[in-house]
Structure formats: C-alpha cells, structure tokens
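Trainee: Predicted model and sequence follow; I will ask about them next.
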Amino acid sequence: MSVVEKKKKDGSPVSPLKKRRASWSDLWLSHRHYQASPPLKYVALTEKFQSLTPPISKSKTLFPDSSKSDLTLLLPDETLLRILAKVPASHRKNLSLVCKRWLKLHGRLVRSLKVSDWEFLLSGRLILRFPNLENIDLVSGCLVSPRNSGILVNKGFVSFNVDLGSFPKRRFVEENLLSAEMVDKGLRTLADGCSNLRKLAVTNASELGLLSVAEECSMLQELDLHKCSDSVLLGIGAFENLQVLRLVGKVDNLYNSLVSDIGLMILAQGCKRLVKLELVGCEGGFDGIKAIGECCQMLEELAICDHRMEAGWLGGLRYCENLKSLRITSCKRIDHDPAGQDKFLHRCPALERLHLQKCQLREKNTIGALFRICEAAREVIFQDCWGLDDDVFSLAAAFRRVKLLSLEGCSLLTTPGLESVILQWRELEHLKVASCKKIKDEEISPSLSTLFSALIELQWSPDTRSHLASRLQGTGIGSKGGKFFKKT
C-alpha cells in the first residue's frame, strides 16, 4: 500500500510526505562520494580510452619550453640573412653575440671593413669571418703602433697610436711601416679570398702586390695608394675597371715618396677609364697633367692637395676636355710661374665647379691664370683661403656664368669688393657668405639689396653681429622659386 493510500486510525487519510530541500553539506558529501566512487560505466570508458592512447614520455612534451629551444633553427640561412639585413647597421654587431650561427651570418652581411691587425689578415681568419667584403681599408694595419697607448694622432686621412717616448720623432710613421714584402703578402691573401672587392686602401705596396690584386679582383673600381711612388704605378695598368684613384706621395712628417711626371704618364697610359683622380703631395708638372688629359678622356673630377708641382702645370688643364670639377686644397703656391705657359692657358670648356680650400691666394698672376682657365664655372667656392682681398677677388669678374658663390672664412674681403663682382653676374641664384668679418650689414647698397631679392637661396652670416637674416624674415627675399631663406 502506498503512502497516499494509508489512513489514520480515525479513518482520515494520511497527508503525503514533503520532500526536504538538500543542504550545502549534503551536496558537498555527495560530490565527494562521486569522486571517490565513480560509476562502473565511467570507469569502463576511462580504461578503454587509456588502452587506445599511447603513453606520453615525460621527457617529450607537445609544447616545449621556448626558453630552451631556438625556433630560428627552422629557418634556412638565406631567409635568416634577409631578416638580419633589415636590422640597422649600428645594431648588427650585437647580433653576432647571440650564437655561433648568427656570428657567421653577421660576417656574411659585412661589406666594408677597416683592418688594424695585420696578423688577422695573414692568418686567413679575416676571409673566413668576412667572406663578402667589398670595401677594405688596410692603411692603419700597415703601421706597427702600440694598441694600448693613450696618445692618438690624426693626420687627415690616417690615425695611429704612439708612445710618449716616440711621439716627438718626426718620421715615426715611416720608421714603423710594414715592409713592402709583408704588405704584398697580405694583398695576395686578400686577393685569394675577396674576388668581389670594389674598393681598396693600402700603404707601402709594390707593383707586384697591386698586380696580384688586379688578377683576382677584376671588379675593383676605387684604389687609394698611400706612400706611392713612380715604380708602384707600373702595376696600376692591370686594373681594367678602375674609375677612382687617390695617390698620396710625400706628406710632411708621415711619408717621403715621389710621384713625378714619369709616374703620371704611366698612370695616364694604364688608367684610361679614370673618372676621378686625387693627387696628394705629388710632384710633376705640365707634361704629366697634359698626358692625363689626353689619355683619360673620361676624367671628370680632379683634386690636388698640398702639391709640389712644377711651374706652369696649370697649362696642362686645357687638355682635360671633359673635366667638370677642379678642387685645390692646402696649396701655399698654386703655380710658381703660370705666365711661362701663356699660350696654353685656355679655358676648360666643360668645367662647372671650382673649389679652393685653405690656399694662399696672394699672387694675382697665378689667380688670374686660374680664373681664366675656369671661366666657364657655374659654382665657385672659397673656403678658408688666405689673401683673398678686394683686389684679388676682382679677378673673379672673369666668371660670366656663375650660379652659386660660397664665401667662408675670407676675412679680408669687404662689402664693396663683393658687390663690385657679383653685380656683374647675371645668372647668380645662390649666395652663401659666412665668417667674413669685414662684410657688414650697414654697407649693403640698394643695388645689392635688389640682387638679394632676386636670389633663389641666400645664406648670410658674415659675422656674429649680423642681423640681416632676422630682418629679412617675411619679406620674401631669398625665397624665389619656392625655396625659403636659410638662417645660419
């Protein structure tokens, strides 16, 4: 009999039992009981699943610890090289410290290197470490100098360390240079491993060393020879693709070598594809410059620094028919006697740029001859030149097609002297005047002001007291052609 059908003793039916709500303690106990005693069906399914699944070793996990694995090992070298090439060059050196593989890849990215340890080159480690070099500078490596010295001497294009005891010696560099045989041995080692070399700078090499480089490095285009002589130039003709050449002959307190007309003629015969030539501390004269002009038909830039040229060498420039740029630097006397070659003092028809830097310009005959040769120039630059006063600068009236004039550090030139010349130049568009203390704002005439207003570019700071730049702001002067006035 069910509970509902039961009756009390007095005959009345019994009320059904009320279902009690489960408490939190009951729920917790039932949960613990389920975990302790899972149903048989659950146990059977679990055992079947475990029998079908292979056991997983504790030493091999599906997700390895990234801190203990190198995911870059999945990338081939060429892909990783492309990624590393995107890193700025200033940070690539740090990449070589990651691991041996990255060290090797970093060496393949290096294209330019300056060598100071000659043994590093002779041992072959340089080639193994940097197999793709295109530009290498061996000038510092050719000099034996103490590494831990606290005295560093800079001489323009070369720097070296010296001891305190050897510092006063006038010929320290020449006495501590590697022998020509040792330098040639290093060049042969370099040539065997760097066939893609494009640029090379070396000191005290011989013609045999240059020949070994020319045989293996057929793509070499730039060559920088320090302590060069006429005999060294015998091997330079083997460089078939040479376009840029720098010869450093005699340099006070550094090198004592001779490049004369003989060497310049050898150079002219061997380097007919030359585009840019720089002569530092070289001798020679009219015949040497003439030979270069006649043979090197592609020559466009000629730079002469601290020369020992013979009188009349300026006359040889007329044979450089395609010369576009002439730069003369640190010359006390540009030409001793240009009048001796008056019949050759014809202008260079293609010349566009004349740059005089740190030169003595006191001799009017020499400066007049130079300006006559360069009268077709469109850019004329005077930088820290001594002796450029109003009288000498008046010779610049020979220039008729000047578009750019730059005067910097010309302390003898005055405002009237400047005005008397540039008012004759009808094509002047750019003017820069800096550190010329005798050029004054208050001396500017109305004619000069009118000229300023027609310029495309005007940079005006002749001295520290000049206020013209601030007064011209907003007036439109120096802003013709959409360019703004530049305050310096």
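Mentor: That came through, no problem.
Trainee: pLDDT at the closest residue to residue 360 other than its chain neighbours, what is it?
Mentor: With CB to CB, 6 or more residues apart in numbering as the criterion, residue 360 has its nearest non-adjacent residue at 5.0 Å, and that residue is residue 332. Where you see a C-beta, it was placed from the backbone N, CA and C, and this is true even at glycine. For residue 332, the pLDDT comes out at 88.
Trainee: Hmm, residue 361 and residue 332 touching each other?
Mentor: No. Using CB atoms under 8 Å, residue 332 makes no contact with residue 361, being 10.6 Å away.
Trainee: Pick out whichever of the two has more residues nearby.
Mentor: Legend: neighbour count by other CB atoms under 10 Å for residue 332 and residue 361, higher for residue 361 (22 against 11).
Trainee: Tell me how many other residues surround the residue nearest to that one when sequence neighbours are not counted.
Mentor: Excluding the flanking residues, the one nearest residue 361 by CB to CB, 6+ apart is residue 387, at 4.4 Å. By the measure other CB under 10 Å, the count of residues near residue 387 is 15.
Trainee: and if you look at the one 4 residues further on?
Mentor: Counted with other CB under 10 Å, residues neighbouring residue 391 total 12.
Trainee: Please apply the same query to residue 77.
Mentor: Quick note: residue 77 (other CB under 10 Å) scores 11 neighbours.
Trainee: What are the structural domain limits within the chain?
Mentor: 77-109, 112-392, 393-488 (automatic domain parsing).
Trainee: So which of those domains is the most surrounded?
Mentor: When the domains of the chain are scored by mean count of other CB atoms under 10 Å, the highest mean neighbour count falls to domain 112-392 (a mean of 19).
Trainee: how about the strands in the stretch 101-250 of the chain?
Mentor: 112-114, 135-137, 151-155, 158-162, 199-203, 222-226, 244-248 (DSSP state E, counting those that start in this stretch).
Trainee: Please tell me I have it right and residue 354 contacts residue 326.
Mentor: Yes. Residue 354 lies in contact with residue 326 (CB under 8 Å); the separation is 5.5 Å.
Trainee: list the contacts for the residue nearest to residue 361?
Mentor: 360-362, 412 (CB atoms under 8 Å, 6 or more residues apart in numbering).
Trainee: can you give me the helices in the stretch 351-488 of the chain?
Mentor: For the stretch 351-488 of the chain, the helices defined by DSSP state H, counting those that start in this stretch occupy 364-373, 390-393, 415-422, 446-453, 468-471.
Trainee: will you turn the ones you listed into a markdown table that also has mean pLDDT and distance to residue 229?
Mentor: A markdown table is the format used below for the helices of the stretch 351-488 of the chain (pLDDT from 0 to 100; distance: least, CB to CB, whole Å):
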| stretch | mean pLDDT | distance to residue 229 |
| --- | --- | --- |
| helix 364-373 | 92 | 28 |
| helix 390-393 | 95 | 36 |
| helix 415-422 | 95 | 43 |
| helix 446-453 | 92 | 51 |
| helix 468-471 | 57 | 51 |
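Trainee: Put together CSV for those, with distance to residue 87 on each row.
Mentor: Shown next, in CSV, are these (distance: least, CB to CB, whole Å):
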stretch, distance to residue 87
helix 364-373, 49
helix 390-393, 51
helix 415-422, 50
helix 446-453, 48
helix 468-471, 42
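Trainee: What ranges in the stretch 201-350 of the chain fall below the confidence cut-off?
Mentor: Counting by pLDDT under 70, the low-confidence segments of the stretch 201-350 of the chain come to 339-344.
Trainee: hmm, 90 instead?
Mentor: 237, 240, 250-257, 284, 307-308, 310-312, 315, 332-333, 335-349 (pLDDT under 90).
Trainee: and residue 290, which of the three is it?
Mentor: Recorded secondary structure, residue 290: helix (DSSP: H, G, I helix; E, B strand; the rest coil).
Trainee: wait, what's in contact with it?
Mentor: Applying CB under 8 Å, 6+ apart, the residues contacting residue 290 are 315-316, 319.
Trainee: Contact partners for residue 398?
Mentor: 368, 371-372, 375.
Trainee: Name the residues that touch stretch 102-112?
Mentor: With CB under 8 Å, 6+ apart, stretch 102-112 has contacts from 77, 80-81, 84-85, 92-93, 95-97, 128-136.
Trainee: Measure how far it is from the centre of its chain, please.
Mentor: Distance of stretch 102-112 from its chain centroid, counting by CA atoms, centre = their mean, to the nearest Å, is 19 Å.
Trainee: Output that stretch in CSV with nothing but the alpha carbons.
Mentor: The C-alpha coordinates for stretch 102-112 follow below in CSV (Å, rounded to 0.1, in the frame of the first residue of the first chain):
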residue,chain,number,x,y,z
TRP,A,102,74.5,34.3,-36.0
LEU,A,103,78.2,35.2,-35.8
LYS,A,104,78.8,33.5,-39.1
LEU,A,105,75.7,35.1,-40.7
HIS,A,106,76.7,38.5,-39.4
GLY,A,107,80.1,38.1,-41.1
ARG,A,108,78.4,37.5,-44.5
LEU,A,109,76.5,40.8,-44.1
VAL,A,110,79.6,42.9,-43.6
ARG,A,111,80.7,44.7,-46.8
SER,A,112,83.1,47.4,-45.5
